[in-house]
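>>> Dropping a prediction and its sequence here:
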Amino acid sequence: MNLQTRLGILGGGQLGKMLALSAGNWHLPVWILDEAGDFPAAPYATTFVKGDFRNYDDVYRFGQMVDVITVEIEHVNTAALAQLEKEGKIVHPSPAQLDMIKDKGLQKQFYAEKGLPSAPFKLYSDEKSVQEALANDAISFPFVQKSRTAGYDGRGVAVIQSAADLPKLLPGACVVEPLVDIAKELSVIVARNENGEIQAFPVVEMDFNPNANLVEWLLCPAQTAPAIEKQAEQLARQTIESFGLCGLLAVELFLTKSGELLINEVAPRPHNSGHHTIESCYTSQFEQHIRAVLNLPLGSTKMKTASVMLNLLGEPGYAGPAYYDGLEACLAMEGVNIHIYGKAQTKPYRKMGHVTVLGATLADAREKAHRVKERLRVLAVGG
């Protein structure tokens with residue numbers, strides 16, 4: 001292993017921060033590109049480069065400075081990455097894979113072509129064409145509309161139950177799916193390196209905040225039958241192999257009430273549904289991503305202990321400099337691991353951090369997690 005390999009990360013948010021912290025264990029030089037030096041990852045980068053990861057010139061120049069390029073967000077300038085790849089730079093995931101994954105329409109077409117189970121879908125050019133399809137009985141209520149691009153952290157999704165919800169329709173090109181009868185929402189983080197080695201983390205169960213459409217609770221292990229867990233892991237492995245992707249792939253799944261597993265969507269990077277692995281698994285998702293993009297042996301994904309992860313979201317009604325109410329009380333609790341991302345300003349439902357709670361059993365972890373949720377709130381100074 002060359003400990004002088006310069007790892008370049010496009011994006012300086014919380015995922016970039018946790019990647020840099022993990023790389024620090026090996027004293028691996030990490031270069032990060034983002035717009036401002038006060039972003040969460042900046043203080044933990046070996047070298048921080050100010051620039052816009054959506055801008056061709058900024059990405060191309062940054063790529064010339066490093067040996068291996070990866071991302072903490074899909075929405076980057078892939079044209080620059082394609083040129084860098086042509087010139088011999090190692091880029092994981094590849095720009096072609098990023099282009100496919102960041103367009104939900106192309107994602108859905110890929111699943112259909114590869115025989116990967118997913119909800120049926122139709123593509124529309126804009127919200128007007130969706131309304132025309134309703135008028136022509138090509139689709140019916142209830143359905144889910146997803147923007148093809150730019151959706152992130154719960155944005156870009158509209159659930160349309162009836163005609164009363166039509167004002168919620170999102171503008172622009174979109175995917176429309178029937179509303180799936182969901183029993184549980186699951187996720188499997190899977191990794192693959194250039195040698196074709198694959199490792200999957202234990203299946204987790206996600207519970208979403210209905211207002212923010214963000215993961216509020218994450219349970220590991222998922223409360224599902226062993227046969228479902230095995231099927232979910234196999235599906236995640238099949239998905240990353242179909243993409244031929246190197247790095248991490250978060251495979252979000254619907255478990256229907258009839259017992260069917262359907263791919264909802266994927267993310268080619270560390271993911272919110274894998275944060276608990278820092279404390280609860282032998283290898284964290286962040287270390288695993290680094291191992292995979294550098295083509296190193298993948299680490300053990302075995303679970304050391306049951307865990308519950310909760311996101312720290314900005315409280316409704318508060319905006320301004322962040323204040324963490326109840327922090328000291330939660331720090332005094334055994335098995336409570338608090339991660340604050342370092343975002344200076346809070347606003348309603350903004351991701352400000354996460355907490356992983358460990359327990360001898362899942363029930364023990366859940367009980368402590370509920371106590372943390374009651375006590376720890378992200379408010380605004382003077383708010």
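On my side now, so go ahead.

>>> A helix includes S187, no?
No - checked against DSSP: H, G, I helix; E, B strand; the rest coil, S187 lies outside a helix; its state is strand.

>>> Contacts only, for it.
With contacts defined as CB atoms under 8 Å, 6 or more residues apart in numbering, S187 is in contact with 203-204, 206, 250-253, 271, 273-274. Every C-beta, even on glycine, is put in place using the N, C-alpha and C of the backbone.

>>> With P120 instead?
177-178.

>>> Please pull up the helix or strand immediately following the helix or strand hosting G353.
Taking DSSP states H and E as the criterion, G353 maps to strand 351-359. Using DSSP H and E, the next helix or strand after strand 351-359 towards the C-terminus is helix 362-375.

>>> right, and F143 touches I160 too?
Yes - with contacts counted by CB atoms under 8 Å, F143 reaches I160, the gap being 5.4 Å.

>>> Just want the angle from the strand holding G353 to helix 362-375.
Strand 351-359 runs at 140 degrees relative to helix 362-375, counting by axes from the mean of the first three to the mean of the last three CA atoms, to 10 degrees.

>>> Parallel or antiparallel, list what pairs with strand 351-359.
strand 306-313 (antiparallel), strand 336-340 (antiparallel) (DSSP bridges).

>>> right, so these: which one is the most enclosed?
Among those, strand 306-313 has the highest mean neighbour count (mean count of other CB atoms under 10 Å), at a mean of 24.

>>> now that one: mean pLDDT?
The average pLDDT within strand 306-313 is 96.

>>> same check, this time on stretch 127-134
Here the average pLDDT along stretch 127-134 is 96.

>>> Dump the C-alpha coordinates for that stretch into PDB.
Taking Å, rounded to 0.1, in the frame of the first residue of the first chain, the C-alpha atoms of stretch 127-134 are listed here in PDB:
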ATOM      1  CA  GLU A 127     -45.700  18.200 -14.500                       C
ATOM      2  CA  LYS A 128     -48.100  19.100 -17.200                       C
ATOM      3  CA  SER A 129     -47.500  15.800 -19.000                       C
ATOM      4  CA  VAL A 130     -48.200  14.000 -15.700                       C
ATOM      5  CA  GLN A 131     -51.600  15.800 -15.500                       C
ATOM      6  CA  GLU A 132     -52.300  14.800 -19.100                       C
ATOM      7  CA  ALA A 133     -51.500  11.200 -18.300                       C
ATOM      8  CA  LEU A 134     -54.000  11.300 -15.400                       C
END
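
>>> where does the residue most central in space within the chain fall, phi/psi-wise?
Nearest to the geometric centre of the chain sits H271, at 2.9 Å (CA atoms, centre = their mean). Here is the backbone geometry of H271 (degrees, to the nearest 10): phi -140, psi 150.

>>> Can you report how many residues lie near the nearest residue to it once chain neighbours are set aside?
Leaving aside its sequence neighbours, H271 sits nearest to A250 (CB to CB, 6 or more residues apart in numbering; 3.4 Å). Per other CB atoms under 10 Å, the neighbour tally for A250 reads 21.

>>> Confirm A250 sits in a helix?
No - the assignment for A250 (three-state DSSP) gives strand, which keeps it out of a helix.

>>> beta partners for it?
I189, A267.

>>> can you tell me which residues contact it?
A250 neighbours (CB under 8 Å, 6+ apart): 187-189, 266-267, 269-271, 273-274.

>>> same check, this time on P93
With CB under 8 Å, 6+ apart, P93 has these contacts: 70-71, 101, 243, 245-247, 268-269.

>>> Near K122, how many residues? Count them for me, please.
17.

>>> Please apply the same query to the one 10 residues further on.
Residues lying near E132 (other CB under 10 Å) number 13.

>>> Okay, buried residues for the helix or strand harbouring it please.
Using DSSP H and E, E132 maps to helix 127-135. Neighbour-count burial for helix 127-135 flags 127, 129-130, 133-134 (criterion: 16 or more other CB atoms under 10 Å).

>>> dump the residue contacts of S162.
So S162 contacts 141-142 (CB under 8 Å, 6+ apart).

>>> Give me the distance between it and A138.
17 Å (CB to CB, to the nearest Å).

>>> Which other helices and strands does the longest helix belonging to the chain contact?
In the chain, taking DSSP state H as the definition, the longest helix is helix 226-243. Other helices and strands packing on helix 226-243, by 3 or more CB pairs under 8 Å, 6 or more residues apart in numbering; DSSP states H and E, are helix 95-101, helix 104-114, strand 182-192, strand 198-200, strand 247-256, strand 261-267.

>>> Give me the next element, helix or strand, following the fourth one.
Yep, that's strand 198-200 we're talking about. strand 204-209.
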